[in-house]
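S.K.: sequence and predicted structure below; questions after.
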Amino acid sequence: METRKQELAERLEQVKDDLAEAAKKAGRKPEDVTLVAVSKLHAAPDIAALAEAGQLDFGENYVQEALGKQEELGGLGVRWHFIGGLQSNKAKFVAGNFELVHSVDSLKLAKKLAGKAVERGTVQKVLVQASLAGEAQKSGVEEDALAELVEQAAGLDGLSVQGLMTMPPFFDDPEGARPYFARLRELREALRQRLGLELPHLSMGMTGDFVTAVEEGATLVRIGTRIFGARPPR
């Protein structure tokens with residue numbers, strides 16, 4: 001167990017160093033980029049070990065798995081992010097239980113989250129997920145419908161739209177993802193001007209391309225494999 005804890009702490013430190021270096025090279029402050037450790041399918045003791053090492057933001061994809069970990073790891077000060085595709089019928093389990101939902105991709109989902117947040121007397125922070133490559137297997141709203149969804153979601157009591165998220169296609173060379181990251185930043189700037197919203201966050205970049213994402217303005221990067229190692233089968 002101690003060996004595993006040490007391994008996780010060392011991997012975490014290396015990723016943090018790489019993130020800080022990427023931010024500095026891009027003329028940004030390292031503290032302006034938040035590392036979300038993608039902990040889906042990884043055991044609660046690994047999360048606890050990383051929390052002990054100072055990592056408090058964790059990303060989960062599956063509702064029931066995430067809620068179980070929240071119950072098991074209560075009291076550690078962990079900030080939970082929901083980063084996976086979310087069906088509207090699961091929204092009632094998510095609203096109020098996560099620091100940030102990265103994957104709002106429809107008005108129906110936004111309304112479900114908002115309604116449950118109001119019931120619970122809270123405001124759920126969300127990102128709107130944009131589909132910029134037209135990949136059918138990935139969630140996200142198409143670019144031509146993005147502004148309308150952001151505006152509608154921002155008008156709902158119980159929701160606070162914090163920005164945008166995207167998942168580009170996979171490329172062996174991270175430079176392949178750069179146009180998608182740059183486009184998300186451009187869309188955010190256009191929405192700021194059009195809607196008068198702050199939209200502080202861009203969630204983009206994973207293990208293979210986070211350096212490029214930081215260069216293009218990411219404020220949240222989602223990294224799993226480089227911290228936890230290979231993901232166990234579901």
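M.R.: Now that the structure is in, tell me what you want to look at.

S.K.: can I get the CA coordinates of stretch 70-80 in CSV?
M.R.: Extracted in CSV, the C-alpha atoms of stretch 70-80 (Å, rounded to 0.1, in the frame of the first residue of the first chain):
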residue,chain,number,x,y,z
GLN,A,70,-18.4,10.3,-2.3
GLU,A,71,-20.0,8.4,0.6
GLU,A,72,-16.8,6.4,1.3
LEU,A,73,-14.5,9.4,1.1
GLY,A,74,-16.5,12.1,2.8
GLY,A,75,-14.5,14.5,4.9
LEU,A,76,-11.4,14.6,2.7
GLY,A,77,-12.4,17.9,1.1
VAL,A,78,-12.5,16.4,-2.4
ARG,A,79,-14.2,18.5,-5.1
TRP,A,80,-16.0,16.1,-7.4
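
S.K.: so where is this structure shaky, pLDDT-wise?
M.R.: Filtered on pLDDT under 70, the chain yields the residue ranges 1, 135-137.

S.K.: chain center to the longest helix along it, what's the gap?
M.R.: In the chain, assigned by DSSP state H, the helix with the most residues is helix 2-25. Chain-centre distance of helix 2-25: 19 Å, with C-alpha atoms, centre = their mean, to the nearest Å.

S.K.: what does stretch 212-224 give?
M.R.: Distance of stretch 212-224 from its chain centroid, counting by C-alpha atoms, centre = their mean, is 10 Å.

S.K.: and stretch 30-38, how far out from the chain's middle?
M.R.: With C-alpha atoms, centre = their mean, you get 10 Å for stretch 30-38.

S.K.: any idea how far apart the tips of that stretch sit?
M.R.: 19 Å (C-alpha to C-alpha, to the nearest Å).

S.K.: residues touching the longest helix of the chain, excluding its own?
M.R.: Here helix 2-25 makes contact (C-beta atoms under 8 Å, 6 or more residues apart in numbering) with 29-30, 32-33, 35, 37, 45-46, 49-50, 52-55, 210-211, 214-215, 221, 223, 226-229. Placement of C-beta: from N, CA and C, glycine included.

S.K.: tell me the SS of residue 55?
M.R.: coil (DSSP: H, G, I helix; E, B strand; the rest coil).

S.K.: can you pull out the helices in this structure?
M.R.: 2-25, 44-52, 63-72, 91-94, 107-119, 143-154, 178-195, 210-215, 225-228.

S.K.: give me the angle between the fifth one and helix 143-154.
M.R.: Interaxial angle of helix 107-119 relative to helix 143-154 (axes from the mean of the first three to the mean of the last three C-alpha atoms, to 10 degrees): 20 degrees.

S.K.: mind listing what's buried in helix 107-119?
M.R.: 107, 109-118 (16 or more other C-beta atoms under 10 Å).

S.K.: now, which of those sits nearest residue 96?
M.R.: residue 117 (5.7 Å; C-beta to C-beta).
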